[in-house]
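**Student:** Please find the sequence and the predicted model below.
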Amino acid sequence: MSVTPLSATELKSLLEKHAAWHLRGDGKAIERTLKFADFNAAFGFMTRVALHADKADHHPEWSNVYNTVEITLTTHDCGGLSGRDADMAQFIDTAATAAGAD
Ligand SMILES: C[C@H](O)[C@H](O)[C@H]1CNC2=NC(N)=NC(=O)C2=N1
C-alpha cells in the first residue's frame with residue numbers, strides 16, 4: 001500500500017509538536033525513550049499502545065527493560081515518516097502522560 005511521506009514542513013511541525021521525540025540519524029524514523037514508575041506501569045502503557053496500533057494497523061518498533069520503553073516510529077510502506085507516525089506519536093504522548101511517564 002502506498003503512503004505519502006511527510007514533507008519537510010510537516011516533519012518540522014511534528015518535531016516541534018512532539019518535543020520528546022528526536023529524528024533518527026538517517027531521517028527515516030523518530031525515537032522516544034520513556035521511563036515509568038515500574039514494570040507494571042510500563043507494560044500497562046504498552047498494552048494500551050498495542051491495542052491502538054492493531055486498530056490503526058500501524059505498529060511501533062519497541063523494546064522494554066523493566067520500567068523503560070524505547071520506541072521507534074517509521075512507516076515501512078513509504079520507507080520513512082508519514083502522517084501515521086505523527087498520529088501514533090500523538091497517541092503515545094497522551095498515553096505516556098496518563099501513565100505518568102518521564
Ligand atoms: C499490510 C499492513 O496493512 C501493512 O503492512 C501495515 C502494518 N503495520 C505497519 N506498521 C508500520 N510501522 N509501518 C507500516 O508501513 C505498516 N504497514
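**Tutor:** Sure thing, it's come through. Residues are numbered from 1 along each chain as shown.
**Student:** For the lengthiest helix in the chain, buried residues please.
**Tutor:** Among all segments of the chain classified by DSSP state H, the helix with the greatest residue count is helix 39-56. Within helix 39-56, the residues that count as buried by 16 or more other C-beta atoms under 10 Å are 41-43, 45-46, 48-49, 52-53. (C-beta placed from N, C-alpha, C; glycine too.)
**Student:** Can you narrow those residues down to the ones near the ligand?
**Tutor:** The overlap between those and the neighbourhood of the ligand (criterion: C-beta under 6 Å from any ligand atom) is empty.
**Student:** want to throw those into CSV with pLDDT?
**Tutor:** Below are the buried residues of helix 39-56 laid out as CSV (pLDDT from 0 to 100):
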residue, pLDDT
41, 97
42, 97
43, 98
45, 98
46, 98
48, 98
49, 98
52, 98
53, 98
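**Student:** and which of those is nearest residue 15?
**Tutor:** residue 49 (20.1 Å; C-beta to C-beta).
**Student:** chain center to stretch 8-25: distance?
**Tutor:** Once both centres are worked out by C-alpha atoms, centre = their mean, to the nearest Å, stretch 8-25 turns out to sit 11 Å from its chain's centre.
**Student:** Flag every buried residue along that stretch.
**Tutor:** Neighbour-count burial for stretch 8-25, counted by 16+ other C-beta under 10 Å, picks out 11, 14, 18, 20-21.
**Student:** Identify the farthest-apart pair in these.
**Tutor:** Pairwise distances across the buried residues of stretch 8-25 (C-beta to C-beta) peak at 15.8 Å, for the pair 11 and 20.
**Student:** Name all residues that make contact with the most centrally placed residue in the chain.
**Tutor:** Central residue of the chain (C-alpha atoms, centre = their mean): residue 89, 4.2 Å from the mean position. Taking C-beta atoms under 8 Å, 6 or more residues apart in numbering as the contact definition, residue 89 lies against 14, 18, 21, 30, 32, 73.
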